[in-house]
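Asks: can you look at this prediction? I've put the sequence above it.
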Amino acid sequence: MTRKLGTLTAAVVGSHPDDVAFVVDDGRGRTVEHRAGDTVPLASAIKVVVPPGRLRPGRRVG
């Protein structure tokens, strides 16, 4: 787990521990989870973070 991810996780969980549930996978085998097995209203099933400069406007992705 990166230091930034750990800091963000602590801030979100620390201030609203009963209001959030998540699993974060960095694609390198490192994950962070909080209430991962709980049933909660779904806000988003997946978010893909693309590093800056990796995509070009107008170029097809896929």
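Replies: Nice, I can see it.
Asks: what are the ranges of the strands in this structure?
Replies: 22-25, 31-34 (DSSP state E).
Asks: which among these is found nearest to residue 42?
Replies: strand 22-25 (11.2 Å; Cβ to Cβ). In short, each C-beta sits where N, CA and C put it, glycine included.
Asks: what does the closest one contact?
Replies: 5, 9, 31, 32, 33, 34, 35, 36 (Cβ atoms under 8 Å, 6 or more residues apart in numbering).
Asks: buried sites along that strand?
Replies: residue 24 (16 or more other Cβ atoms under 10 Å).
Asks: ok, now stretch 46-55?
Replies: Of the residues in stretch 46-55, none is buried (16+ other Cβ under 10 Å).
Asks: which residue ranges of this protein form helices?
Replies: Remark: helices assigned in the chain by DSSP state H are 3-15.
Asks: where does it dip in pLDDT?
Replies: 1-2, 61-62 (pLDDT under 70).
Asks: returning to that earlier point: which of the strands of the chain sits closest to residue 16?
Replies: Nearest to residue 16, of those and by Cβ to Cβ, is strand 31-34 at 10.2 Å.
Asks: adjacent strands (with direction) for that closest one?
Replies: The strands beside strand 31-34 in its sheet (DSSP bridges) come out as strand 22-25 (antiparallel).
Asks: now residue 32. Nearest residue, chain neighbours left out?
Replies: Spatial nearest neighbour of residue 32, excluding adjacent residues (Cβ to Cβ, 6 or more residues apart in numbering): residue 24 at 4.6 Å.
Asks: sorry, back to before: now the contacts of strand 22-25 in JSON lines, with neighbour count and distance to residue 50?
Replies: Below are the contacts of strand 22-25 laid out as JSON lines (neighbours: other Cβ atoms under 10 Å; distance: Cβ to Cβ, whole Å):
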{"residue": "5", "neighbour count": "13", "distance to residue 50": "16"}
{"residue": "9", "neighbour count": "17", "distance to residue 50": "21"}
{"residue": "31", "neighbour count": "12", "distance to residue 50": "19"}
{"residue": "32", "neighbour count": "17", "distance to residue 50": "19"}
{"residue": "33", "neighbour count": "12", "distance to residue 50": "23"}
{"residue": "34", "neighbour count": "14", "distance to residue 50": "24"}
{"residue": "35", "neighbour count": "15", "distance to residue 50": "27"}
{"residue": "36", "neighbour count": "11", "distance to residue 50": "24"}
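Asks: much appreciated, bye for now.
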